[in-house]
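# heads up, no residue letters with this:
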């Protein structure tokens, strides 16, 4: 996922692209076969081609494109073990947490690994993500996914309740406590994990809490203000889609209707009403859809400044 190869190889996890709303994840095996309404495809006929190639079905009745896995495509094609965050929220989180190559990040909970994958790409190759998940089966699935996506080197998955006594401390990992640059909380009661986050953060570290309900946001922000956090803010990330199209309009030459104008270059769109000449033209119009999409929740950010 991080180091894209030019040529597709056996064992690679790829995305079969059949359209913007029709993508599938596939792990290539020499004896495998992929079947869809666009035809059947033997894996051996895909292996060896370049990423991005157009591949024709075995019976030549259809085709697909084979592209490399990215965190964005992973969010679209993964198995949803939990509700996930999508690209708009993820980009807002990574930017406001000031995550970069070399950052050490704590996350709870891991869930389906959508945000985890994007964080891992951002901190690699010098940083690391420590992600915590209380559900044992999701922990096993996440470890398997991260390994198959080539991210296990940059992610440590821990089976633990982040709100418990041990919190985020991993005393077996040298230099973790007191060196965490950013903490992300996706929990039912994030205020119960704030003290555990503080235990591993350093002066100036950033924290983000995701909550779907404003009552959770209020309680979390109160806890943050009591725990020596500053610069507390909450944002709501909304998607607003615009419809852009060309629209024809008519315009009469009313400034001087009796003046002779040269309309010869646009004769197909000229017209006349009561002796007054006019012309038709195209205008590019853009307006938002009347029905707005929903959002995933609220993102609260704060900076840990104990000596401020």
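Cool, the structure landed. Owing to the predicted nature of the structure, the values given are computational and were not obtained by experimental measurement.
# How is residue 145 assigned, secondary-structure-wise?
When classified by DSSP: H, G, I helix; E, B strand; the rest coil, residue 145 comes out as helix.
# show me the contacts for the nearest residue to it once chain neighbours are set aside.
Once flanking residues are discounted, residue 145 sits nearest to residue 113: 5.5 Å by Cβ to Cβ, 6 or more residues apart in numbering. Heads up, the C-betas are built off the backbone N, CA and C, glycines and all. The contact partners of residue 113, by Cβ atoms under 8 Å, 6 or more residues apart in numbering, come to 74, 78, 142, 145, 146.
# What separation do you get for the fourth one and residue 77?
When you say that, I think you mean residue 145. Computed as Cβ to Cβ, to the nearest Å, the residue 145 to residue 77 distance reads 11 Å.
# And residue 141, how far from residue 82?
Applying Cβ to Cβ, the value for residue 141 to residue 82 is 10 Å.
# quick one, which of these two is more surrounded?
residue 141 (19 against 14; other Cβ atoms under 10 Å).
# what about the helices in the stretch 151-300 of the chain?
194-198, 214-226 (DSSP state H, counting those that start in this stretch).
# what comes up buried for the first one?
Put plainly, it is helix 194-198. 194, 196, 197, 198 (16 or more other Cβ atoms under 10 Å).
# show me what contacts the residue nearest to the last one when sequence neighbours are not counted?
Using Cβ to Cβ, 6+ apart and skipping residues adjacent in sequence, the residue nearest residue 198 is residue 227, 6.0 Å away. Taking Cβ under 8 Å, 6+ apart as the contact definition, residue 227 lies against 194, 195, 198, 304.
# what's the spacing between residue 307 and residue 203?
7 Å.
# So for those two, which sits in the more crowded spot?
Using other Cβ under 10 Å as the criterion, residue 307 and residue 203 rank with residue 203 on top: 12 against 5.
# about what we covered before: looking at the helices of the stretch 151-300 of the chain, spot the one closest to residue 40.
helix 214-226 (48.2 Å; Cβ to Cβ).
# what comes into contact with the closest one?
188-191, 194, 207, 209, 211, 232, 234, 298, 300, 302.
# Neighbours of residue 103, how many?
Residue 103, neighbours per other Cβ under 10 Å, totals 21.
# Next: the one 3 residues further on.
By the criterion of other Cβ under 10 Å, residue 106 has 28 neighbours.
# Next one: the residue lying closest to residue 98 once chain neighbours are set aside from residue 102, what distance?
Leaving out its chain neighbours, the residue that sits closest to residue 98 by Cβ to Cβ, 6+ apart is residue 206, at 5.7 Å. Counting by Cβ to Cβ, the gap from residue 206 to residue 102 is 15 Å.
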